[in-house]
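Enquirer: structure here, sequence nowhere to be found:
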């Protein structure tokens, strides 16, 4: 065996394995995002609106309330209800862990 050829062949084999692992991780990440988006879309409109503005976009309670024309006091109630509903939908799909934050 020619030593000059074996080093590139070993590198190509190793690199191909890394690409496969990266591709698998990218596909898994894409699948998780699709699952989160599809279940988020199934939430009642008000829950989804509050959740997206408050928890995903990071708006304050006041900003969220102003944008949606809701009392500021109701925003966290809607956000919590939305998270519970979203988690329930994800659990039904076998992916409830996607919303776990580790704070339990």
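Expert: Yes, it's here. Note that the structure is predicted; figures quoted are calculated from it, not measured.

Enquirer: for the rest of this, base every contact and every neighbour count on C-alpha atoms.
Expert: Noted.

Enquirer: quick one: mean pLDDT for stretch 50-60?
Expert: Mean pLDDT, stretch 50-60: 93.

Enquirer: how near is residue 53 to residue 35?
Expert: Using Cα to Cα, to the nearest Å, residue 53 is found at 19 Å from residue 35.

Enquirer: the two: which is more packed in?
Expert: residue 53 (19 against 16; other Cα atoms under 10 Å).

Enquirer: got the contact list for that one?
Expert: 59, 64 (Cα atoms under 8 Å, 6 or more residues apart in numbering).

Enquirer: and with 6 Å instead?
Expert: Residue 53 makes contacts with residue 59, as judged by Cα atoms under 6 Å, 6 or more residues apart in numbering.

Enquirer: if you rank every helix and strand of this structure by mean pLDDT, what lands last?
Expert: helix 3-41 (a mean of 69; mean pLDDT, DSSP states H and E).

Enquirer: beyond that one, next helix or strand please.
Expert: helix 45-51 (DSSP states H and E).

Enquirer: now do the buried residues in the following helix or strand past that next one.
Expert: Note on helix 45-51: by DSSP H and E, the next helix or strand toward the C-terminus is helix 61-68. By neighbour count on 16 or more other Cα atoms under 10 Å, the buried set for helix 61-68 is 61, 64, 65.

Enquirer: for those residues, give me a markdown table that also has distance to residue 41.
Expert: Listed next are the buried residues of helix 61-68 as a markdown table, based on distance: Cα to Cα, whole Å:
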| residue | distance to residue 41 |
| --- | --- |
| 61 | 22 |
| 64 | 19 |
| 65 | 21 |
